[in-house]
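Participant: return a 3D structure for these sequence lines:
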Amino acid sequence: MGTLATRIGGAFGILSVLAVISAFVVGTPDTPHTPDEARHYYDSGSAFVTANGAVPLLHILFGIVFVGALTSMLIRATGPRAEIYIALAGGVIWLALTAAGLAAEVAYPAAIVRFGDVTVTGFTQPLLTLSTWLYHYCQLGAAAMILSASISIWRTGVLPKWASALGILGIPPLLHLWFPLPAAISTLVWVGFIGLVMLIGAKRTAPAWVEARAAETA
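Facilitator: Okay, the predicted model is just below:
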């Protein structure tokens, strides 16, 4: 059952990455630097709401399943160690602040679509700035998730050992303030690859830590 849950979680990790591609096609909130560029960034209100608001809802939902399955897999393999809790906390921060950033970014075009009122154009700049900083902070959570999970994967061997080397992808998210797009893509590449490895390469690992603990108390 544990291996099946791991594979399902891996599949959802891949789907999570695919679901957010539309948001990257639209662009990133770091791009506009003038009020005119901010207005043009939204271009078509309804299309923006769909690509950057509605579809990425699946990114968050699938990401929750992925993080939960990843955490469960690591705990089964090694027990409740500190790096696993760090990975879980990092994953929660990554997804929560990503959701908040998407909401801030889509708020203006969603208001136009809903109310048909374009008199609030002055709000475009602060909303884009807010979403940018939420994305900065969310990538700190992503870095914690990637680096901590990689340590645990290397320690336990629950996934092929080479998968722990993908932890190097946890470094670019720490530089999101200066290199936003490459940093965000680095996180998604890690999720996609680890999801793929979980799907096809997960090992059936018995919870040896439970047996050891039982033997100690016997």
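
Participant: how deep is Pro160 tucked in, by neighbour count?
Facilitator: 13 (other Cβ atoms under 10 Å). Backbone N, C-alpha and C define where each C-beta goes, glycine included.

Participant: how about it, what does it touch?
Facilitator: Val197, Gly201 (Cβ atoms under 8 Å, 6 or more residues apart in numbering).

Participant: same thing but at 6 Å, please
Facilitator: With contacts defined as Cβ atoms under 6 Å, 6 or more residues apart in numbering, Pro160 is in contact with Gly201.

Participant: which residue ranges of this protein form helices?
Facilitator: 2-19, 21-26, 35-42, 45-49, 56-78, 82-115, 124-156, 180-201, 208-217 (DSSP state H).

Participant: quick check: which of those is nearest to Gly167?
Facilitator: helix 124-156 (2.8 Å; Cβ to Cβ).

Participant: which of the helices of the chain sits closest to Leu166?
Facilitator: helix 180-201 (5.7 Å).

Participant: any idea how far Arg76 is from the residue lying closest to Val191 once chain neighbours are set aside?
Facilitator: Leaving aside its chain neighbours, Val191 sits nearest to Gly13 (5.1 Å; criterion: Cβ to Cβ, 6 or more residues apart in numbering). Gly13 is 17 Å from Arg76, where distance means Cβ to Cβ, to the nearest Å.

Participant: between the two, point out the one with more neighbours.
Facilitator: Per other Cβ under 10 Å, whichever of Gly13 and Arg76 has more neighbours is Gly13, with 28 against 20.
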